[in-house]
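**Student:** The following comprises the amino acid sequence and a computationally predicted model.
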Amino acid sequence: MTGQALKGRSTGGRLFGYRTKQGPDGAEWLIFEPEAEIVRRIFQEYAGGLSMKALTVRLNEESVPFPGKVTRRGPTRRGWAISTIHTILSNEKYWGRWVWNKAMFVKDPETGKRTAVLRPKDEWVVEDRPDLQLINLDLWTRVRERLNVVRAAYGATGTLKRPRGQAPELYSRHMLSGLIRCGICGARVTIQTSQRKKNDVLYRYGRYRCSFHVAKGPSICPNSMSIPQAVLEMKLVEKFQKALTPEMIDYLVAATNAALDALNINPQQLQRFEVERRRLDGELSNLVKFVVKGEPSPRLREEITVRERRLIELDQQIQHLRSAAAPARHEID
């Protein structure tokens, strides 16, 4: 793929504003003007003072085609997002600087997911492509300067981060993060926080709102619902408390322990499977030797087939028992 990149050819993937065409040496990048105009507009309007959120809402109100609209996951995205705008504004390919071999993917041993890691700069393959330039360097510079100013003034300064690849609802400071959905569009309902200072005391407030309505605008989801965090969480806690009758607790404990028993490793069962496997393996070896020495009969073939199938079943069961890691049982008083 490095050779393809050095020739200016596509190495796979999609890029908003461009298309590929098959050439004699591989797929060639071409500017796709309908999308290129949208990219130029995003850069110009952001450099002119429009925020990324205002840009997102405006593009969605005008039903402007968004990246990935024609892909398999496109319909679930429903429109432009702030993150999409930021990705476009940060892509230096749009001013003609194409970089290959910039990052490599490393598998995280804890989560099993692939994570992008930057390579040393001396390993990057950089190519200037004025033929694919959508904006000039002056516009790119003005956008970068504004992004840096905004990041310095409003960027996240917290040091606590959730583990990569882990479910955000498990590490969120908010009780219902990731657990409730908008009844109209199906997007996550998230916390929108605000704060004010009074008599040198800082007060923070949170309200649950549809994330698509907030981030993408009412043209994507008209649900303007806004529920104070304390009100919604208190009502849900009250409902849980009423539902947790002694009978319900007994049922939950029994169901949980039954599930744990199903996962639990049984050393005696594992030993029985291993003994049966060794016996069947020996019988199968003897049958095969007998077939080699004489004329195989249909009965012999049937006996061999039965034992082979059982060996496969035993291997699967043994593997399951060895890999199962059951959590400890808990009793609720």
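**Tutor:** All right, it came through fine.
**Student:** ok, how many other residues are close to the nearest residue to Asn101 once chain neighbours are set aside?
**Tutor:** In space, and not counting its chain neighbours, Asn101 is closest to Val125: 4.8 Å by Cβ to Cβ, 6 or more residues apart in numbering. No exception for glycine: its C-beta is placed from N, CA and C like everyone else's. By other Cβ atoms under 10 Å, the residues close to Val125 number 12.
**Student:** Show the pLDDT at Val125.
**Tutor:** If you check Val125, the pLDDT there is 81.
**Student:** where's it relative to Leu134, distance?
**Tutor:** Distance, Val125 to Leu134, by Cβ to Cβ, to the nearest Å: 21 Å.
**Student:** Domain map for this protein?
**Tutor:** 2-151, 173-238, 247-323 (automatic domain parsing).
**Student:** Show me how far the shortest one is from its chain's centre.
**Tutor:** Mean C-alpha position of domain 173-238 versus that of the full chain (Cα atoms, centre = their mean, to the nearest Å) differs by 22 Å.
**Student:** what's the answer for stretch 147-155, then?
**Tutor:** 26 Å.
**Student:** ditto for stretch 139-146
**Tutor:** Using Cα atoms, centre = their mean, the offset of stretch 139-146 from its chain centre is 30 Å.
**Student:** Could you write out the alpha-carbon coordinates of that stretch in PDB?
**Tutor:** Extracted C-alpha coordinates of stretch 139-146, given in PDB (Å, rounded to 0.1, in the frame of the first residue of the first chain):
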ATOM      1  CA  LEU A 139      -8.000  29.900   4.800                       C
ATOM      2  CA  TRP A 140      -6.500  26.800   6.400                       C
ATOM      3  CA  THR A 141      -4.200  28.900   8.600                       C
ATOM      4  CA  ARG A 142      -7.100  31.100   9.700                       C
ATOM      5  CA  VAL A 143      -9.200  28.100  10.600                       C
ATOM      6  CA  ARG A 144      -6.300  26.500  12.600                       C
ATOM      7  CA  GLU A 145      -5.700  29.700  14.500                       C
ATOM      8  CA  ARG A 146      -9.400  29.900  15.500                       C
END
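**Student:** buried sites along that stretch?
**Tutor:** Leu139, Trp140, Val143, Arg146 (16 or more other Cβ atoms under 10 Å).
**Student:** check contacts around the first one.
**Tutor:** If I follow you right, that is Leu139. Neighbouring residues of Leu139 by Cβ atoms under 8 Å, 6 or more residues apart in numbering: Phe43, Gln44, Ala47, Trp95.
**Student:** let's see it at 7 Å
**Tutor:** Leu139 makes contacts with Phe43, Gln44, Ala47, as judged by Cβ atoms under 7 Å, 6 or more residues apart in numbering.
**Student:** Those in strands, which ones?
**Tutor:** Secondary structure from DSSP state E places none of the contacts of Leu139 in strands.
**Student:** List only those of those flagged as buried.
**Tutor:** By neighbour count, with 16+ other Cβ under 10 Å, the contacts of Leu139 hold Phe43, Ala47 as buried.
**Student:** got the contacts of Leu139 as JSON lines, with distance to Leu270 and pLDDT columns?
**Tutor:** Output for these, formatted as JSON lines (distance: Cβ to Cβ, whole Å; pLDDT from 0 to 100):
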{"residue": "Phe43", "distance to Leu270": "63", "pLDDT": "96"}
{"residue": "Gln44", "distance to Leu270": "67", "pLDDT": "95"}
{"residue": "Ala47", "distance to Leu270": "66", "pLDDT": "92"}
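**Student:** Sort out for me which of the contacts of Leu139 are in helices.
**Tutor:** Phe43, Gln44, Ala47 (DSSP state H).
**Student:** quick one: which of those residues is nearest Pro65?
**Tutor:** Phe43 (16.9 Å; Cβ to Cβ).
**Student:** Identify, from the buried residues of stretch 139-146, the entry nearest to Arg119.
**Tutor:** Among these, and counting by Cβ to Cβ, the member closest to Arg119 is Trp140, at 23.0 Å.
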